[in-house]
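Colleague: Could you look at this predicted model? Sequence included:
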2 protein chains.
Amino acid sequence: MSFLPEAALDELKDLLGPKGFSMDSDVLAAHNAEARGKFEGHAEIILFPASTEEVAKAVAICAAHDIAIVPQGGNTGRCGGAVADSKQVLINLKRMNRVIEIDGRDFTATVEAGAILQNIQEAAEEQDLLFPLSLGAEGTCQIGGNLATNAGGLNVIRYGNARDLCLGLEVVLPDGTVWNGLSKLRKDNTGYDLRDLFIGAEGTLGIITKATLKLFAQPKHVATAWIAVPSPECAIDLLALARRHTGDAIAAFELISSFAHDLSVTYLKGLTRPLATKTNWHVLIELTSSRPKDDLEVLLVDLLAQAVEIGLATDATLAQSEAQRKNLWAIREGIPEAQGYEGGSIKHDVSVPVSKVAELLKRGMVRADALIPGIRPCPFGHVGDGNIHFNFSQPATMDKQAYLAQWESLNSVIHDIVAELGGSISAEHGIGQLKRDELALRADPVKMRLLKEIKKALDVQNRLNPDKVVSFKHPDH
Amino acid sequence: MSFLPEAALDELKDLLGPKGFSMDSDVLAAHNAEARGKFEGHAEIILFPASTEEVAKAVAICAAHDIAIVPQGGNTGRCGGAVADSKQVLINLKRMNRVIEIDGRDFTATVEAGAILQNIQEAAEEQDLLFPLSLGAEGTCQIGGNLATNAGGLNVIRYGNARDLCLGLEVVLPDGTVWNGLSKLRKDNTGYDLRDLFIGAEGTLGIITKATLKLFAQPKHVATAWIAVPSPECAIDLLALARRHTGDAIAAFELISSFAHDLSVTYLKGLTRPLATKTNWHVLIELTSSRPKDDLEVLLVDLLAQAVEIGLATDATLAQSEAQRKNLWAIREGIPEAQGYEGGSIKHDVSVPVSKVAELLKRGMVRADALIPGIRPCPFGHVGDGNIHFNFSQPATMDKQAYLAQWESLNSVIHDIVAELGGSISAEHGIGQLKRDELALRADPVKMRLLKEIKKALDVQNRLNPDKVVSFKHPDH
């Protein structure tokens, strides 16, 4: 009935009990499905361990029977990284969901890997502290998955990626050994940086079971503005000016094309256009401060006046209330939904140096149109991180399926430009299966050699999330 | 005449020319000596390559002749990490000292590994930008060494360690291959984090030849205060209060014992006592801001008033001029020199979680006195990073050499306490040879196994800085 020998099944059932083990098809269906539908898992067994010890023992049992394992968090990934085939065992960490400690002296949170991101944010906020990692899936994604994929999100310009927010990890290794690297230390130079090796490894080197995270003072003031800018070049120069002018106060700096802006205000209910004048490009900037007294509005108005004076901005409006602020963010965050009303959308998860964003957009629009005449670019996103969501809506009159059939061709065109500009084909979402073969083809062969050497060294039997990120089966240089 | 075959010597001479190759005993003497005198090198050949290509080819020549290599930067380390034996070739990067580019749009510096830290700071400052890494040796240390040892220094609380300030690296691998990981990207999730593996590896996995560094807005305002605090516990609570109160404005937060304070103001010329009242513990706090207009003094005065009100501070004074500010920093920075006038000093490079600093001091003072009655603790340093320079001056009447002979015994006592508190025996300076065997004995065996697996994977022949950090010869678990 199963690919697992009866002995292994019995061992796992004994170890984990009825709550920790399932072969139920409904349960499996939920965990085999990936949100975007590009990948479908076929796992026949899923484990829900309740402790690090259970993870470690389950991994050891699988190792003894030469069974491969796929770790899974909130299953909100999009690259097939947490998808298992029928001969692999899924290990989902959702029962390990405790926020173990919020420490107001060390400014740290210690959490189990299955803790929901939003629960960590809220636990910090209860003690007037901030855990700044913030992204669309925060209500369901798990911190273990965020760390395994080095998640980005909205506040990277100020606080960094998931990697930058982690002080220590506990990890179960491919043979079931536990590496206890939980740590609140801010300085520790005792050997190679194991922590950062597991962060971003997408569960291919070890299963993250606990983490110590950095917390920050909770912001007390916010100032938000919507700015009309003549061009992406101006947005980049405005960012540099803002960085110099506001110090470390920039919490978000988002570029929005007029097409994206128009879709949002047209299709989504209850949104108000921020500016009366028409413009091709918009910037949403937000400053925050945790000082008890501060006047960010003055700081922002000064910045905007200067920007207008030197021609980096043509118009701007400050949110005068929380409702106005929410309106600005709703325009920005509503873009993907609004795009849905305009037919098919082909998306990219790319980054380039901040200074190259304008060039990426320029070349990308020209070459996309050459591939699919009439294609409608809908770029928006984290220009402050060089990470534009370079989406393209289909030509108005084209058949949706015919358009979406061009997904990989368009990706290839954009990724070529990204390569020309020294960028990355995976800014936020990771490699998984989706970009594994493309990475092998595009990456520096020296880098690929190093990735494989590391995978071989730490997972000798290739038993932990095999064929994700790097594969020994697939062709490359 | 040399351990190197004539053929290899000729190849290296041909490759590097007279400026790039030396067997001169005076030249070698300077590079074989380590500042603190604990380690002495015996290299008979030193190479001074002028380019990455030359480093790569020199490494390949050495590899072909099975010769081990020791990379060296400014030779300011203290742990024997850049010290070579007579059968090893030293490669010093001082000719690769260019600041290649300061980029005011990307807020990056691209530099060769031999660039002097201070030159990078100055090049950034010329464009009104800040490279925040700052430490005692900055006038002579090289950025490649800073990165190889993940240097800390004064501004870690605000800007992080060297690791946190690096976006990309170029590295020559043990076989002479070049990994080009130079990058200005703020987001890049394409495979394992190679960059952070080479950072802090002390030249045992590769030779860093170039780096892309993060820059920040140059501070325009500074406010500095000297504060009398009742105890280290109060200093820790004051830090937490300051973090909440000032947001990200804290640039330095240093704890100074009264013994350390008294030595400085007694022995060093021209220094003024900041406070009239006597106190057991002092804090030096500095806020900075890069906003064009700001009032950090008001922010700091508010903080101090609150601290006094709730009993975390008993007295405080604000620097009212740059001269007063310099006086405060001279007291802090003069401590090691002043300690020299009181006889022998035994030092530690340890860290604990910030919240455990008080306990470290308490236990350390008691147990040190049990080992050496009358010993005079002289703790000071970066309490904001949990990184106290836990120095001990000799008992007033003890013979200096007899005291210094207890160096390792006292280290062992303090390191035991550090272990009890979840701390690190190397906060800033790394492992090198000095702490290699102690690390092997004290560290989690799982960690040691991983370190060795990584070293074996990336330096199969154990030819790059062998027996630093990890050794395959020495005993451990």
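Modeller: Right, received. Where do you want to start? Just so we're clear, the structure is a prediction, and the values are computed from it rather than from any experiment.
Colleague: Spell out which residues of the stretch 351-477 of chain A are next to chain B.
Modeller: Proximity of the stretch 351-477 of chain A to chain B, by CB under 8 Å from any CB of the partner chain, involves residues A:351-355, A:382, A:384-387, A:422-431, A:435, A:439, A:443-444, A:446-447, A:449-451, A:453-458, A:469-470. For the C-beta atoms, the positions are set from N, CA and C on the backbone; glycine is no exception.
Colleague: ok, the residue most central in space within chain A - contacts?
Modeller: In chain A, the residue lying closest to the centroid (CA atoms, centre = their mean) is residue A:151, at 3.5 Å. Neighbour list for residue A:151: A:133, A:135, A:141, A:145, A:161, A:162, A:428 [criterion: CB atoms under 8 Å, 6 or more residues apart in numbering or on different chains].
Colleague: Not counting its neighbours along the chain, what's nearest the fourth one?
Modeller: The spatial neighbour of residue A:145 that comes closest, neighbours along the chain excluded (CB to CB, 6 or more residues apart in numbering or on different chains), is residue A:73 at 2.8 Å.
Colleague: Now do the strands in the stretch 101-250 of chain A.
Modeller: Applying DSSP state E, counting those that start in this stretch to the stretch 101-250 of chain A gives strands spanning A:108-112, A:129-130, A:166-172, A:178-181, A:207-214, A:216-217, A:221-229, A:250-257.
Colleague: mind giving me JSON lines with those strands and columns for distance to chain B?
Modeller: Shown next, in JSON lines, are these (distance: least, CB to the nearest CB, whole Å):
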{"stretch": "strand A:108-112", "distance to chain B": "8"}
{"stretch": "strand A:129-130", "distance to chain B": "8"}
{"stretch": "strand A:166-172", "distance to chain B": "9"}
{"stretch": "strand A:178-181", "distance to chain B": "5"}
{"stretch": "strand A:207-214", "distance to chain B": "9"}
{"stretch": "strand A:216-217", "distance to chain B": "5"}
{"stretch": "strand A:221-229", "distance to chain B": "9"}
{"stretch": "strand A:250-257", "distance to chain B": "10"}
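Colleague: Deepest-packed of these, please.
Modeller: strand A:207-214 (a mean of 27; mean count of other CB atoms under 10 Å in any protein chain shown).
Colleague: That one - contacts with which helices or strands?
Modeller: helix A:52-64, strand A:108-112, helix A:143-148, strand A:166-172 (3 or more CB pairs under 8 Å, 6 or more residues apart in numbering or on different chains; DSSP states H and E).
Colleague: Neighbours of residue A:310, how many?
Modeller: For residue A:310, the count of nearby residues is 11 (other CB atoms under 10 Å in any protein chain shown).
Colleague: returning to what we had before: dump the helices and strands packed on strand A:207-214 to JSON lines, plus mean pLDDT.
Modeller: JSON lines is the format used below for those (pLDDT from 0 to 100):
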{"stretch": "helix A:52-64", "mean pLDDT": "98"}
{"stretch": "strand A:108-112", "mean pLDDT": "98"}
{"stretch": "helix A:143-148", "mean pLDDT": "98"}
{"stretch": "strand A:166-172", "mean pLDDT": "98"}
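Colleague: Mind pulling up the pLDDT for residue A:2?
Modeller: Confidence at residue A:2, expressed as pLDDT, is 66.
Colleague: where in chain A is pLDDT low?
Modeller: Applying pLDDT under 70 to chain A flags the ranges A:1-2, A:474-477.
Colleague: hmm, 80 instead?
Modeller: Residues of chain A meeting the criterion pLDDT under 80: A:1-3, A:248, A:474-477.
Colleague: Return the distance of residue A:472 relative to residue A:156.
Modeller: 33 Å (CB to CB, to the nearest Å).
Colleague: Repeat that for residue A:10.
Modeller: Applying CB to CB to residue A:10 and residue A:156 gives a distance of 46 Å.
Colleague: Show me which of these two is the more surrounded one.
Modeller: Ranked by neighbour count (other CB under 10 Å), residue A:10 and residue A:156 place residue A:156 first, with 26 against 12.
Colleague: Not counting sequence-adjacent ones, nearest residue to the more buried one?
Modeller: residue A:385 (4.9 Å).
Colleague: Also residue A:361?
Modeller: In this structure, residue A:361 finds its nearest non-sequential neighbour in residue A:232, 5.3 Å apart by CB to CB, 6+ apart.
Colleague: neighbours of that neighbour, just the number please.
Modeller: Per other CB under 10 Å, the neighbour tally for residue A:232 reads 22.
Colleague: My read is that it contacts residue A:283, right?
Modeller: No. Residue A:232 is beyond contact range of residue A:283, at 9.7 Å (criterion: CB atoms under 8 Å).
Colleague: Quick check: neighbours shared by the two?
Modeller: A:255, A:383.
Colleague: Can I take it that residue A:285 is in a helix?
Modeller: No. Checked against DSSP: H, G, I helix; E, B strand; the rest coil, residue A:285 lies outside a helix; its state is strand.
Colleague: Go through the helices and strands packed on strand A:207-214 and name the closest to residue A:267.
Modeller: helix A:143-148 (30.2 Å; CB to CB).
Colleague: helices or strands next to the closest one in the packing?
Modeller: Contacts defined by 3+ CB pairs under 8 Å, 6+ apart place helix A:143-148 against strand A:68-72, helix A:117-126, strand A:207-214.
Colleague: please redo it, this time with the cut-off set to 7 Å
Modeller: Applying 3 or more CB pairs under 7 Å, 6 or more residues apart in numbering or on different chains; DSSP states H and E, one finds that helix A:143-148 makes contact with helix A:117-126, strand A:207-214.
Colleague: is it possible to export the ones you listed to JSON lines including distance to residue A:339?
Modeller: Formatted as JSON lines, these follow (distance: least, CB to CB, whole Å):
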{"stretch": "helix A:117-126", "distance to residue A:339": "25"}
{"stretch": "strand A:207-214", "distance to residue A:339": "33"}
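Colleague: rewinding a little: who touches the residue nearest to residue A:145 in this structure?
Modeller: Contact partners of residue A:73, counting by CB atoms under 7 Å, 6 or more residues apart in numbering or on different chains, are A:82, A:93, A:114, A:141, A:142, A:144, A:145.
Colleague: Same check on residue A:235?
Modeller: Contacts of residue A:235 by CB under 7 Å, 6+ apart are A:229, A:255, A:281, A:283, A:383.
Colleague: Could you pull up phi and psi at the third one?
Modeller: Read it as residue A:281. Dihedral angles of residue A:281 (phi, psi; degrees, to the nearest 10) stand at phi -140, psi 140.
Colleague: Tell me who's in contact with it.
Modeller: Residue A:281 neighbours (CB under 7 Å, 6+ apart): A:229, A:231, A:232, A:235, A:255, A:257, A:258.
Colleague: and the second one, how many neighbours?
Modeller: Read it as residue A:231. 14.
Colleague: Not counting residues beside it along the chain, what's closest to it?
Modeller: residue A:281 (6.2 Å).
Colleague: Residue A:287 versus the one you found, what's the distance?
Modeller: Distance of residue A:281 to residue A:287, given as CB to CB: 20 Å.
Colleague: near chain B, which residues of the stretch 51-200 of chain A show up?
Modeller: A:103-107, A:128, A:149-150, A:152, A:156, A:161, A:177-180, A:183-194, A:196-197, A:199-200 (CB under 7 Å from any CB of the partner chain).
Colleague: Cool, thanks, signing off.
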